[in-house]
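**Student:** Give me a 3D structure for the following:
(one chain, ligands or ions: 1)
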Amino acid sequence: MARISPNGRVRRTPFSDGVEAAGVKGYTVYNHMLLPTVFESFEADYHHLKRHVQVWDVACERQIQVKGPDALRMIQFLTPRDLDKMTADRCLYIPVVDAMGGMLNDPVLMQAAPDTYWISIADSDLLLWIEGFACTQGFDAEVSEVDVSPLAVQGPKSDDLMARVFGDGVRALRFFSCGRFGFEGRPTLISRSGYSKQGGFEIYVEGTENGMTLWNALFAAGEDLNVRAGCPNLIERIEGGLLSYGNDMTRENTPLECGLGRFVDASQLDHCFGGRALKEELAEGSKQMIRPIAIEGDIPPCDRVWPVYADGKRVGQVKSAVWSPDHKINVAMGMIARTHWDTGTAIEVETQDGMRSATVQEKFWR
Ligand code: THG
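**Tutor:** So this is what the prediction gives:
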């Protein structure tokens, strides 16, 4: 594929200089910002991620700050997840839903300071929706995209690398908890989270000018850990069943269809956006659901919708699929009709190179 021509609509990140020096080979655009997709190759990056530790430029996970006395009360309207559990040391994965119950985004929510929340968004212009809601409903809350850029440290040796730079305290963080740890005299928000199943952290770097200092410190501290620049890995994230907004689900889908039912709390459905639609879906059962799928044979890159058939009838679609070197099968996820979503169901997936036999799996691979 040709390269991305730089221009003002595709933003660089505070870490782009480091990413380029590390030899990035591919980018995508996410929230109007560069997101690396490959350094050596999908497979080499994948094996390294599962064995060592990587530093990822995920600055494109932009932070929408909602600040003010009404901040949390306002955010509660945006999601069917009950935010009563929100505390300063917890991250919450929240489906954000429109009035019809359609997914607008699937961000991570954190409290950055008293009455100050950061919504760490996936790839959609959620800022516009939240600002529109805040200013028309008269909430006492300011909404803005702040100069905060997540840097992820992922892989089995993440704890060791992070402890060297931020101190042993980071080891005590539990999955999806967060806290502030010092770096060069600045208390920096760190969570145990990230877009892989290999374990790791995300560091919320405040101020573009501080990006490369931290990037360089992590590489200097991790030389003997075989630290490398990396990025969310297509193979690993499909194995792990991590959803990609805009690929596996869009505004056409509800959180229940996305398998995010555990983040839909009945107690919220009388006042959040989309609550009525979600109540109806809960009562009637979902018509389709995201399912893990194993595809046989050789497959081309999944760069378009692959229709799914059974008995000659359309029963769903696949938007993410790739060969898994560890599991020796093509791992995929797709939206599959209720009639065909049971584990073991035989289906056919239509790739641009032809039909392939496939089977609905019980669970993702990891
Ligand atoms: N970290 C942060 N912000 C993000 C992402 C992230 N914003 C964009 C994008 N990723 C949002 N999407 C996801 C998708 C999955 C997860 C997090 C964000 C995730 N899911 C876990 C899982 O599915 O196993 C656990 C969720 C839970 O149980 O609470 O981690 O990666 N900061």
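**Student:** Could you use CA atoms for every contact and neighbour count after this?
**Tutor:** Fine.
**Student:** okay, now residue 300: neighbour count?
**Tutor:** Residue 300 has 12 neighbours, counted by other C-alpha atoms under 10 Å.
**Student:** Give me the distance between the closest residue to it other than its chain neighbours and residue 336.
**Tutor:** With C-alpha to C-alpha, 6 or more residues apart in numbering as the criterion, residue 300 has its nearest non-adjacent residue at 6.8 Å, and that residue is residue 353. Per C-alpha to C-alpha, to the nearest Å, residue 353 is found 21 Å from residue 336.
**Student:** ok, the two, which is more surrounded?
**Tutor:** Remark: of residue 353 and residue 336, residue 336 carries more neighbours, 26 against 10, as counted by other C-alpha under 10 Å.
**Student:** so that one is in which element?
**Tutor:** In this assignment (DSSP states H and E), residue 336 forms part of strand 329-337.
**Student:** Can you list the neighbours in contact with that strand?
**Tutor:** Here strand 329-337 makes contact (C-alpha atoms under 8 Å, 6 or more residues apart in numbering) with 235, 238-239, 241, 248, 257, 287-297, 299, 308, 315-324.
**Student:** buried subset of those residues?
**Tutor:** Burial by neighbour count, judged by 16 or more other C-alpha atoms under 10 Å, picks out 235, 238-239, 241, 248, 257, 288-296, 299, 308, 315-324 from the contacts of strand 329-337.
**Student:** Out of those, which sit inside strands?
**Tutor:** 288-295, 308, 315-324 (DSSP state E).
**Student:** what subset of those residues is also close to the ligand?
**Tutor:** Cross-checking those against the ligand (C-alpha under 6 Å from any ligand atom) gives no overlapping residues.
**Student:** what does the stretch 51-200 of the chain put close to the ligand?
**Tutor:** Residues of the stretch 51-200 of the chain found near the ligand (C-alpha under 6 Å from any ligand atom) are 61, 92-93, 106-108, 120-122, 193-195.
**Student:** Compile the residues you listed into CSV and extend it with columns for secondary structure, pLDDT and neighbour count.
**Tutor:** Shown next, in CSV, are those (DSSP: H, G, I helix; E, B strand; the rest coil; pLDDT from 0 to 100; neighbours: other C-alpha atoms under 10 Å):
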residue, secondary structure, pLDDT, neighbour count
61, coil, 98, 23
92, strand, 98, 20
93, strand, 98, 17
106, coil, 98, 24
107, coil, 98, 23
108, strand, 98, 20
120, strand, 99, 26
121, coil, 99, 25
122, coil, 98, 21
193, coil, 98, 24
194, coil, 98, 23
195, coil, 98, 22
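**Student:** In CSV, list those along with distance to residue 213.
**Tutor:** Listed next are these as CSV, based on distance: C-alpha to C-alpha, whole Å:
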residue, distance to residue 213
61, 20
92, 29
93, 29
106, 30
107, 27
108, 25
120, 22
121, 24
122, 26
193, 22
194, 21
195, 23
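**Student:** Relative to residue 222, how far out is the most centrally placed residue in the chain?
**Tutor:** Residue closest to the average C-alpha location in the chain (C-alpha atoms, centre = their mean): residue 195, at 5.4 Å. Counting by C-alpha to C-alpha, the gap from residue 195 to residue 222 is 21 Å.
**Student:** about what we covered before: just curious, which of the residues of the stretch 51-200 of the chain next to the ligand is nearest to residue 207?
**Tutor:** Closest approach between these and residue 207, by C-alpha to C-alpha: residue 61, at 14.7 Å.
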